[in-house]
Each structure stands twice: as structure tokens, then as C-alpha cells.
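Enquirer: Quick one, structure for this:
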Amino acid sequence: MTKKDIVREIAEQLDLPQLRTRQLVQRTFDAIIETLVREQRVELRNFGIFQIRKREQRTARNPRTGEQVIVPAKSVVTFKPGKEMEARVRELDRPGPPPGSPAPRPAAGPDRPAP
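Expert: Below you'll find the predicted structure:
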């Protein structure tokens, strides 16, 4: 799913123009980024936590030459999913139809005619 898909879906659900919806979605993303840079953490209940973490400098190996190289320290964004997201994703591992898919129709038989 892309940002364009998100905008289209929200616009349809709320009966809003796509231009206005795109502005709202972009402002939401901008606010998340600005807060993350300023406060190092953004917690969205039932969704997850974005956090900036420092990666220390380390030594790695160039796979082509085998030469050791220094990878400088850097800041990275991490994401930890919230409980609701974790639970919904775990449902994908359950046997049977995926969540949200239509229920299977019973097979035709002597008591039930074919559709």
C-alpha cells in the first residue's frame, strides 16, 4: 500500500476530497517526523512506537575484497508494533481463511441444492 492508496481509502471512507485528504495525511506524517526528530520517540497507541536509536561505530568486512572497513556511528529509526497490530498480524498464522475474507460457503448436498 502506498501513501496514494491510503489517501484514496480515507477519502472514500470519510467522503472527503482527495486533495484535502492528501494534505491531512501529509501533515500527519510531517508531525510524526518532526516529533521523532525533536523528542526521539513517537508512541501511537494500538499502532506502535517509532524511536531513534544510536548505532555505535563498528568494523565490517567488504564482501568483494575481504578488506575490513569502519562503519561510522549513526542514528536509525526503529519501530515496535503495538499490541493490537501484533494480535492482528498473528491472526495471519492461524489456519483457515485470512481475517476479513468471506466465510466459505457450505458444499451442496442432499439437504442443500447447488447455487
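Enquirer: going forward, measure contacts and count neighbours with C-alpha atoms only.
Expert: Noted.
Enquirer: Tell me the bridge partners for Val76.
Expert: Beta-bridge pairing for Val76 (DSSP bridges): Arg53.
Enquirer: so what pLDDT did it get?
Expert: Val76 is assigned a predicted lDDT (pLDDT) of 96.
Enquirer: which element follows the helix ranked longest in the chain toward the C-terminus?
Expert: Counting residues, the longest helix in the chain under DSSP state H turns out to be helix 18-39. Scanning forward in sequence from helix 18-39 by DSSP states H and E, the next helix or strand is strand 41-44.
Enquirer: Now that following strand: average pLDDT?
Expert: 96.
Enquirer: re earlier: chain center to the longest helix of the chain: distance?
Expert: 16 Å (C-alpha atoms, centre = their mean, to the nearest Å).
Enquirer: Over to stretch 47-55?
Expert: In terms of C-alpha atoms, centre = their mean, the centre of stretch 47-55 is set 14 Å apart from its chain centre.
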